[in-house]
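Enquirer: The following block contains a protein sequence and its predicted model.
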Amino acid sequence: MAKAQPKILLGVTGSIAAYKAAELARLMLKRGWDVWVVMTSCATQYVGPLTFRALTGHPVAHGTFAEREQETYTHLGLTEGAAALVVAPCSAQTLARLAHGFADDVLGCAALALDAPLLVAPAMNARMWKNPAVQENVATLQRRGAIVVPPGKGELACGDVGEGRLSDLDAIVRAVARVLAAG
Ligand SMILES: Cc1cc2nc3c(=O)[nH]c(=O)nc-3n(C[C@H](O)[C@H](O)[C@H](O)COP(=O)(O)O)c2cc1C
């Protein structure tokens, strides 16, 4: 009998690295995972929900409200049966919202309703990443059991060089695979 595909929620936030989430979704789909995308409103300015809908074959939840009345489209329906929520790229803003339990959009609500591991892959300017407020939010999430896939070093979109660029996509996929294997 064929193994059930694990349902992975991919949260995409307003980072310049949001376009990389399309490739990340593709890599996850290649693993045979059932990928559902949840976007912040801001993320939709960087990459369109249609891209993810076309790649995953599922409607994309974004902003505050479900676009339509599909049952599986609400934050509660979305989280049902989810094996993990992976927020990649995770902006400084969403990192803070997750650390403080904000429920002001579908992604925030889904994170609160989630009964599965949370993984976050932050991506931001190096100075933002070093800021104690950001580091405290990271530590808060880790203390609660979230897995943080740390950003890489190198040239950033803003032209600065330092730590803050979205982790290598394969490293994110491997982190999710480890979580799934751990059951
Ligand atoms: C061009 C541009 C690029 C940005 N890139 C990032 C980024 O990589 N990481 C980040 O934390 N914020 C970045 N921001 C700021 C976020 O878009 C902003 O904080 C937004 O409120 C994030 O909202 P969200 O987390 O709800 O998506 C960028 C802003 C602009 C204008």
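Expert: Thanks, I have it.
Enquirer: Just the C-alphas of the longest strand belonging to the chain, formatted as PDB.
Expert: Longest strand in the chain by number of residues (criterion: DSSP state E): strand 82-90. Extracted C-alpha coordinates of strand 82-90, given in PDB (Å, rounded to 0.1, in the frame of the first residue of the first chain):
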ATOM      1  CA  ALA A  82      -0.400  18.800   9.300                       C
ATOM      2  CA  ALA A  83       3.000  17.100   9.900                       C
ATOM      3  CA  ALA A  84       4.900  20.400  10.200                       C
ATOM      4  CA  LEU A  85       4.600  24.100   9.600                       C
ATOM      5  CA  VAL A  86       7.700  25.500   7.900                       C
ATOM      6  CA  VAL A  87       8.000  29.300   7.800                       C
ATOM      7  CA  ALA A  88      10.500  30.100   5.100                       C
ATOM      8  CA  PRO A  89      11.500  32.800   4.600                       C
ATOM      9  CA  CYS A  90      10.500  34.000   8.000                       C
END
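Enquirer: Run the chain-centre distance for that strand.
Expert: How far strand 82-90 lies from its chain's middle: 4 Å, per C-alpha atoms, centre = their mean, to the nearest Å.
Enquirer: Over to stretch 110-125?
Expert: Using C-alpha atoms, centre = their mean, the offset of stretch 110-125 from its chain centre is 6 Å.
Enquirer: Mean confidence (pLDDT) on that stretch, please.
Expert: In this model, stretch 110-125 has a mean pLDDT of 96.
Enquirer: what distance separates the start and the end of it?
Expert: End-to-end distance for stretch 110-125, by C-alpha to C-alpha, to the nearest Å: 26 Å.
Enquirer: Once you drop chain neighbours, what's closest to A88?
Expert: Of all residues not flanking A88 in the chain, A121 sits nearest, at 3.8 Å (C-beta to C-beta, 6 or more residues apart in numbering). Glycine gets a C-beta too; all of them are placed from N, C-alpha and C.
Enquirer: C42 reaches I16, doesn't it?
Expert: No. Counting by C-beta atoms under 8 Å, C42 stays clear of I16, with 11.2 Å between them.
Enquirer: Alright, that wraps it up for me.
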